[in-house]
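In: any chance you can model this:
(2 chains)
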Amino acid sequence: MMTIEIKALSKHYKNQVVVDQLTLSIEKGELFALLGQNAAGKTTTIKMLCGLLTPTSGDAILEGESIVFSQTAVKKIINISPQETAVAPNLTVQENLLLMGQIYGDSKQIAQQHAVAQMDLFGLTSVKEKRAKVLSGGYLRRLSVAMAMMSKPQILFLDEPTLGMDVRARRDLWRILLQIKGDVTIVVTTHYLEEIEMLANRVGIMNQGKLCALGTVQQLIDETGKPTLTEVFLELTKEVLH
Amino acid sequence: MKAIVFATRNHKEIIRDPLTLLFGIGLPIVLMGLFSVMQKNIPFGLYEINNLTPGVIVFSFSFLTLFSGMLLGRDKSTSFLMRIFASPMVAIDYIVGYVLPLLPIAILQIVFCLLTAGFLGLTLDFYTLLLVVVLLIISLLYIGIGLLLGTLFTDKQVGGLFAIFVNIATWLSGTWFELDMIGGTVQKIANLLPFAYAVDAARDVLNGHYDDAILPLSVVIVYTLFTFIIVNLAFKQKMRAHF
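Out: Model (predicted):
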């Protein structure tokens, strides 16, 4: 069953085409990785799917709701952890989580129950009374993803969730993502290809706004004849130097 | 409900930065003391406590512009606002959420300045109560300008723009000198802006000249409504566009 069906989705800024006729489907419970070099159109795609940007043309259906015609309905079933950590700096970890739960309509009591569960899952209980601004990068990223999980989304968008994290912190977050994989459909963008090999069910590679490859890591390796995902990525996104 | 939840968060963000808050309340009190001392050596009554108090309180509202602009600008720069934009909240929730937590701060500024003025000789009576109401209306203008700056600019840019704003809003308000004394282009510009009207309305109410207060207060209200309409439109535009 498809959770996300993207149909010829495009975004243009004046003469610049940032996303060009993107078409793909993502299955329920899948962890789908969207790869590409900087400015390939990954973040713009995620912003359109989250209702943060209006598409120039095309549409996407998320759990049966159109991002063009039913934006409010879409916003209730999705959540995002943006590229930047995007937390309230003067609020404690627990307050940040409660804020997100209550903004999505939970009572304080229900939000508190969910916050306890998320702090447990993301290993944040020991820092629950600390203000976000004093947390290390690893904790901040975990908090950012945990905040996105507070609304119990059916679809979770993670825009470079491990950016700037050290190896151990990245591994910790991978472990958590592996735990929620299957229950939630996850769309992730990242530059760390070993992360994708370990986590993703399928991979889409974007180059200059277009989807240039789609499949499992093994399928892409087989199709291109390259030995690793890194080699596949470099081959598919190489630019002609003038 | 969502607006209240968001307002509570914004309130905590502001009061947990006590240094800025203290500056916003403390500086006007210091200025009031200084100008009251100066008044003793000035042959005319510009800095008499009845004239000075409304002007200084309106000046203190410039910090509401700073607080609201910086908070919104920072939320934008750190992508916190992007996260919230992805939620089912609507534009009016955000605007109410940013305005509400600043009103208690405006009340604190008014109360502390009035208590100081009382200590310096101001009679606290029924007119003072009416002054509080008028000042709260005026505070919305300054909050609205801050929200406009925060919507259009980043927190760092808001910091720079605030320095320009506070100078324009103060020098062209008639708080520190009579605009009639300067006249010419300066007075014409001041008459086009709402700041002198805000000070005039507050002074008129404090001195019991209600009829005189109606026109300047109406100008302030029109400016405030206009500012919030622009904020609403700009905010909706930001919600739809890449930021």
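
In: who are the packing partners of the helix or strand of chain B with the lowest mean pLDDT?
Out: In chain B, the helix or strand scored least confidently by mean pLDDT, DSSP states H and E is helix B:179-182, which has a mean of 79. Contacts defined by 3 or more CB pairs under 8 Å, 6 or more residues apart in numbering or on different chains; DSSP states H and E place helix B:179-182 against helix B:184-192. From N, CA and C alone the C-beta is placed, and that goes for glycine too.

In: report the central residue of chain A.
Out: Nearest residue to the geometric centre of chain A (CA atoms, centre = their mean): A:L158, 2.0 Å.

In: how about the residues of chain A near chain B?
Out: Proximity of chain A to chain B is confined to A:44, A:47, A:50-54, A:72, A:75-76, A:78-91, A:95, A:99-100, A:102-105, A:131, A:147-148, A:151 under the rule CB under 8 Å from any CB of the partner chain.

In: so does whichever helix in chain B runs longest get close to chain A?
Out: Criterion DSSP state H: the longest helix present in chain B is helix B:210-240. Yes: where contact is defined by CB under 8 Å from any CB, part of helix B:210-240 touches chain A, namely B:R240.

In: in that helix, what's buried?
Out: B:213, B:216-217, B:219-221, B:223-224, B:227-228, B:230-232, B:234-235, B:238-239 (16 or more other CB atoms under 10 Å in any protein chain shown).

In: pull the least confident helix or strand of chain B out as CSV, backbone CA atoms only.
Out: The C-alpha trace of helix B:179-182 is given here as CSV (Å, rounded to 0.1, in the frame of the first residue of the first chain):
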residue,chain,number,x,y,z
LEU,B,179,8.7,69.3,18.0
ASP,B,180,7.3,72.9,17.6
MET,B,181,10.7,74.2,18.7
ILE,B,182,12.4,72.5,15.8
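
In: starting at the chain centroid, how far to that helix?
Out: 23 Å (CA atoms, centre = their mean, to the nearest Å).

In: list the buried residues in it.
Out: Buried, per 16+ other CB under 10 Å, within helix B:179-182: B:L179.

In: check stretch B:3-14 too.
Out: In stretch B:3-14, counting by 16+ other CB under 10 Å, buried: B:A3, B:V5, B:F6, B:A7, B:T8, B:R9, B:N10, B:H11, B:K12, B:E13, B:I14.

In: now those as CSV including distance to chain A, secondary structure and pLDDT?
Out: Below are these laid out as CSV (distance: CB to the nearest CB, whole Å; DSSP: H, G, I helix; E, B strand; the rest coil; pLDDT from 0 to 100):
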residue, distance to chain A, secondary structure, pLDDT
B:A3, 10, helix, 91
B:V5, 4, helix, 94
B:F6, 7, helix, 95
B:A7, 11, helix, 95
B:T8, 8, helix, 95
B:R9, 5, helix, 94
B:N10, 9, helix, 94
B:H11, 10, helix, 93
B:K12, 6, helix, 93
B:E13, 5, helix, 91
B:I14, 8, helix, 89
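
In: one step back: the longest helix of chain B to helix B:184-192, inter-axis angle?
Out: If you take axes from the mean of the first three to the mean of the last three CA atoms, to 10 degrees, helix B:210-240 sits at 80 degrees to helix B:184-192.

In: and helix B:210-240, how far out from the chain's middle?
Out: Worked out by CA atoms, centre = their mean, helix B:210-240 lies 13 Å from the chain centre.

In: report the mean confidence score over that helix.
Out: Averaged across helix B:210-240, pLDDT comes to 91.

In: and if you look at stretch A:190-200?
Out: On average, stretch A:190-200 scores 87.

In: ok now it, how far from the chain's centre?
Out: 13 Å.

In: touching it from outside, list them.
Out: A:31-33, A:35, A:160-163, A:170, A:174, A:177-178, A:181, A:188, A:203, A:217, A:229-230, A:233 (CB atoms under 8 Å, 6 or more residues apart in numbering or on different chains).

In: for that stretch, which residues meet the burial criterion?
Out: Quick answer for stretch A:190-200 (16+ other CB under 10 Å): A:T190, A:Y192, A:L193, A:E195, A:I196, A:E197, A:L199, A:A200.

In: the second one and chain B, how far apart?
Out: If I follow you right, that is A:Y192. 20 Å (CB to the nearest CB, to the nearest Å).

In: chain A contacts on chain B?
Out: Within chain B, the positions lying close to chain A (CB under 8 Å from any CB) are B:1-2, B:5-6, B:9, B:12-13, B:16-17, B:78-80, B:82-89, B:240-242.

In: any of the residues you listed buried? List them.
Out: B:2, B:5-6, B:9, B:12-13, B:78-80, B:82-89.

In: ranges for the helices of the chain?
Out: If you meant another chain, say so; for now it's chain A. Listed in chain order (using DSSP H), the helices of chain A are A:42-49, A:71-77, A:93-103, A:108-121, A:137-149, A:167-180, A:193-199, A:217-224, A:229-236.

In: hmm, no, I was thinking of chain B.
Out: Under DSSP H, chain B gives helices at B:2-15, B:18-39, B:49-60, B:62-77, B:80-85, B:91-99, B:102-119, B:126-152, B:155-171, B:179-182, B:184-192, B:195-206, B:210-240.
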